[in-house]
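J.: mind folding the following:
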Amino acid sequence: MEKNETKETVCVNAERNIDRVSGDEPLLAARVHRPSDLLRLLIGILAIGVVIAIAAFAHATTTGLEEDISKGTGQAPDVFVKVAGLVSSIAVLLVPVAFAIERLIKRDGLRIADGVLAAVLAHGVTLATDLWVARAAPSTIQEALTQPQAGGGLSDPVHGYLAPVIAYMTAVGMARRPRWRVSLWVVLLLDAFAMLVADYTTPFSIILTILIGWTVAYGTLYAVGSPNVRPTGQTLLAGLRHVGFRPVTAMRAEDVTDSSEQGDRGRRYLVTLEEGPPLDVTVVDREQQAQGFFYRVWRRLTLRGITTRRSLQSLRQALEQEALLAYAAIAAGANAPKLIATAELGPDAVMLVYEHLGGRSLDALTDDEITDQVVRGAWQQVKALQSRRIAHRRLTGDALLVDRSGKVIITDLRGGEIAAGDLVLRMDIAQLLTTLGLRVGAERAVAAAVDALGPDRVADCLPLLQPIALSRSTRATLRRLARERAQREREAVLAASAAAKQARLEGHAEKSEEEKRADRKAVRAEKQAEKRALDEALDEAREEDLLVQIRQQVLLIRPQAPVEPVRLERIRPRTLISLIAGAIAAYFLISQIAKASLSVSTFAQADWAWVAMALLFSALSYVAAAMSLLGFVPERVPFGRTVVAQVAGSFVKIVAPAAVGGVALNTRFLQRSGVRPGLAVASVGASQLFGLGAHILLLLAFGYLTGTEKTQDFTPSRTVIAGLLTVAVLVLVVTAIPALRKFVSTRLRSLFAGVVPRMLDVLQRPMKLLTGIGGMLLLTGAFVLCLDASIRAFSDGEQPLSYASLAVVFLAGNAIGSAAPTPGGVGAVEGALTVGLVAVGGLPTEVAAPAVLLYRLMTLWLPVLPGWFSFNFLTRKGAL
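T.: Below you'll find the predicted structure:
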């Protein structure tokens, strides 16, 4: 589809009335990946999951349904059943063959190839499903999908020939041909009826067969692409002649920047006629209209009441909406292109013919060409539209044209609304304020808006002046400008820091040894002065965001204007992630309890004194975590609030993998506590680096001690030696393969960038370094003691494992949990700890399993609710 973005020129020989291409007309992509195919694929997968879930959990319902259908079909005449079975068994093969012959005659072999590929894949999926149901599926699913046969054995859960036929007929596009579609469904119904009467299948088996064939077909079409049926330039010229025009040439206009939000604007052509002025023609096809479909669905689901247009309109609806808006805009007094004619270009495209107005878009103008007249003209167009309650919904720079006389013309009305509500009209004002502010500044944009609309209407849009209410391209521009501002601020701070250090070194070099010793007491004062200088440099380099500047300009005119942002989100991404994470965590917890065959009575028999000790050690771990973080932060950060942040991290663990969530939260917390972003990342990286080194050293040390506990000499066990050799081999493999070496080095470099200078700063403060290392050791000790107390709670206070062995089990399980992609290492940590306790310590499974679950309850699940409260508390206080 990218090939369509180049310029094409199609010429017509008017005398012979034959289209011919002048130069190189760009070839359309042979295949396109349609979002509608992906959507149907996802719906099919969801439907298959629902059918399997019903078969697994609603056993009584499936059994009753099968009995009712068996009674109904059993009353059919025997002759009718035999005839239906004979006809359907023959027709189910003849119909696809006949359709293939018909397509080949019309030279549409690509569709037949797609159908054959889909049929082969559907057959493979059928065989895999049959194998799964026969060998691994629960008995309830097997009973719902199979029938016992007279000769022994069971019927096929999915029909090996019916699913490929459905996949084939769907992939070749039979649904668009009513006669073939009716023939197919008649054959399928007859075949299903015959199999039900013969007790060869079940209703759920037929439904699953249809869904598998349908889903595989659309999956195949999306993977390999559907044949492209977009109209060419010659098709456009033929369509223009059909509605009475006599075109000579059609030149492809330069397209706007491609984005999923602007993808349904269509292809634009400048058409010259034999007589009369040229025309602007817009061609809209299904492929362009579907661009950005999933983004529009997401906006429709997450935003409150501002997306009334359907996410995916038919071509007829899009044509009618744009025609209505074009006439309504002109009737309202706005400068908009006049719609002359509309027509269909086959079943998959339409064209809209406008009179040619000329001009360049606002984005194409230089800053000097955007005069006050142009800015006022843009606001006059919005005023005219809003006088008739017409919302544009896309007032970006490419929607505003400026002709040679400076008159502003408003275009791209297809996404607008008639009889729009106040919220959408205010969003238009906020959007145009931002669009013009990006080009001429906040002051000029606000002044022109006030002159055209009045101060009250401009002030009313302030609650909607937020990124989520703006267009996607505008939000991208604001993010780019924010990154540029942040880069300038970092450069200013680095320059000030380098100048301060250079001045201090020069002054220090000029002093004698006695003066140097006498001035050591002033080092802290110099560093504080340096910090103040850095803060002043940062304040001088800091630039206000454009939206903040617009608010300030409006507040100068209307100080009492409302500024509290309106909540436009129906559901926030953070809330959605939290709900999904909670569901996943609950699923894993329930599945673990079920696998361990544990009951409430098992936990009721626990020693509650040791349970209380486990809870105490778990609480101590948060104090230790705060110490291990602050030990690598030279700046002053409140210790109590840091402990609260570590408690909040227990909530983040269930949202992100264990090795990711804590890093992000600590980095954000340090930034909000006054530590500069680069130094915050470096501090967390230094803490992580020291923690990794301490983890490896402790694992090796305790592993060494574990191997010498039962021997007279101080030699390590074979397990430790094997582990070291394994690690050495892995390191050699990574360093020997260039791709792996580059991957690992890139990740480590990005993670620990700036860590070494930060570590040097920490080394100059021995107490800080001691706090950090002590916190890491205390953190490991707290977790080991928590695991020890959990074991004693189910072993009558006895502990057969030494603390060295227990530490090895904990450190190994924690390492596996950090590497696991599941939130909080769920599943991986439990399995590793249970296996370690059974294998290393010889604990019975009935003790190890509940002990591990109690330990995870104390360290992962129980702190989730306090972590949620802590997270919200810090968020309200602006600490996160």
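J.: is it true that residue 427 lies in a helix?
T.: Yes - counting by DSSP: H, G, I helix; E, B strand; the rest coil, residue 427 is found in a helix.
J.: that one against residue 463, yeah?
T.: No - shown here, residue 427 and residue 463 do not form a contact pair, counting by CB atoms under 8 Å, at 10.4 Å. Just so you know, the C-beta spots here come from the backbone N, C-alpha and C atoms, and that holds for glycine as well.
J.: those two: who's more crowded?
T.: It is residue 427, of residue 427 and residue 463, that has more neighbours when counted by other CB atoms under 10 Å, with 25 against 19.
J.: what sits against the more buried one?
T.: Residues near residue 427 by CB atoms under 8 Å, 6 or more residues apart in numbering: 306, 391, 393, 461, 464, 469.
J.: can I get those residues in JSON lines including secondary structure and pLDDT?
T.: Below are these laid out as JSON lines (DSSP: H, G, I helix; E, B strand; the rest coil; pLDDT from 0 to 100):
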{"residue": "306", "secondary structure": "coil", "pLDDT": "58"}
{"residue": "391", "secondary structure": "strand", "pLDDT": "92"}
{"residue": "393", "secondary structure": "coil", "pLDDT": "87"}
{"residue": "461", "secondary structure": "coil", "pLDDT": "91"}
{"residue": "464", "secondary structure": "helix", "pLDDT": "88"}
{"residue": "469", "secondary structure": "helix", "pLDDT": "85"}
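J.: which of the residues you listed sit farthest apart?
T.: Put simply, by CB to CB the two of the contacts of residue 427 set farthest apart are 393 and 461, 14.4 Å from each other.
J.: where along the stretch 751-880 of the chain do the helices fall?
T.: 755-763, 766-793, 803-819, 828-841, 845-856, 864-876 (DSSP state H, counting those that start in this stretch).
J.: now the ones you listed as TSV including mean pLDDT?
T.: Shown next, in TSV, are the helices of the stretch 751-880 of the chain (pLDDT from 0 to 100):
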stretch	mean pLDDT
helix 755-763	65
helix 766-793	88
helix 803-819	77
helix 828-841	77
helix 845-856	83
helix 864-876	86
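J.: figure out which of these is closest to residue 325.
T.: With CB to CB as the yardstick, what comes closest out of the helices of the stretch 751-880 of the chain is helix 864-876 (42.0 Å).
J.: which stretches in the chain count as strands?
T.: Secondary structure of the chain (DSSP state E): strands at 9-13, 18-21, 31-32, 226-227, 247-252, 267-273, 279-285, 339-344, 349-355, 360-361, 400-402, 408-410.
J.: wait, which of those strands is closest to residue 502?
T.: It's strand 360-361; of those, that one is closest to residue 502 (CB to CB) at 49.2 Å.
J.: give the pairing partners of that closest one; include direction for each.
T.: Strand 360-361 has the following sheet partners, assigned by DSSP bridges: strand 400-402 (antiparallel).
J.: state the mean pLDDT of the strand it pairs with.
T.: Averaged over strand 400-402, pLDDT sits at 92.
J.: what does stretch 617-627 give?
T.: Regarding stretch 617-627, the rounded mean pLDDT is 91.
J.: any chance you could list what contacts it?
T.: 639, 642-643, 645-647, 649-650, 771-772, 774-776, 778-779, 781-783, 785-786, 789, 858-859, 862-863.
J.: hang on, residue 165 packs against residue 94?
T.: No - in this structure, residue 165 is not within contact of residue 94 by CB under 8 Å, at 10.9 Å.
J.: these two: which is more packed in?
T.: Taking neighbours as other CB under 10 Å, residue 165 and residue 94 compare with residue 165 leading, 23 against 11.
J.: just checking, residue 251 touches residue 278?
T.: No - in this structure residue 251 lies outside contact range of residue 278 using CB under 8 Å: 9.3 Å.
J.: give me the common contacts of these two.
T.: Joint contacts of residue 251 and residue 278 (CB under 8 Å, 6+ apart) are 270-272.
J.: which one (most neighbours) among those?
T.: Counting neighbours by other CB under 10 Å, the top entry in the shared contacts of residue 251 and residue 278 is residue 271, with 21 neighbours.
J.: that residue bridge partners, please.
T.: residue 250, residue 279.
J.: give me every residue that touches it.
T.: 236-237, 240, 245, 247, 249-251, 278-281.
J.: go on, residue 790?
T.: Counting by CB under 8 Å, 6+ apart, residue 790 has contacts 610-611, 614, 851-852, 854-855, 858.
J.: closest to residue 362 among those residues?
T.: residue 858 (60.9 Å).
J.: and for that closest one, the neighbour number?
T.: 24.
J.: use 545 as the first number for this chain going forward.
T.: Okay, using 545 as the starting number, the last item reads as residue 1402.
J.: pretty sure it sits against residue 1157.
T.: No - in this structure, residue 1402 is not within contact of residue 1157 by CB under 8 Å, at 10.0 Å.
J.: circling back: can I get the strands of the chain in CSV with distance to residue 983?
T.: Output for the strands of the chain, formatted as CSV (distance: least, CB to CB, whole Å):
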stretch, distance to residue 983
strand 553-557, 32
strand 562-565, 39
strand 575-576, 35
strand 770-771, 41
strand 791-796, 27
strand 811-817, 23
strand 823-829, 24
strand 883-888, 29
strand 893-899, 26
strand 904-905, 12
strand 944-946, 10
strand 952-954, 13
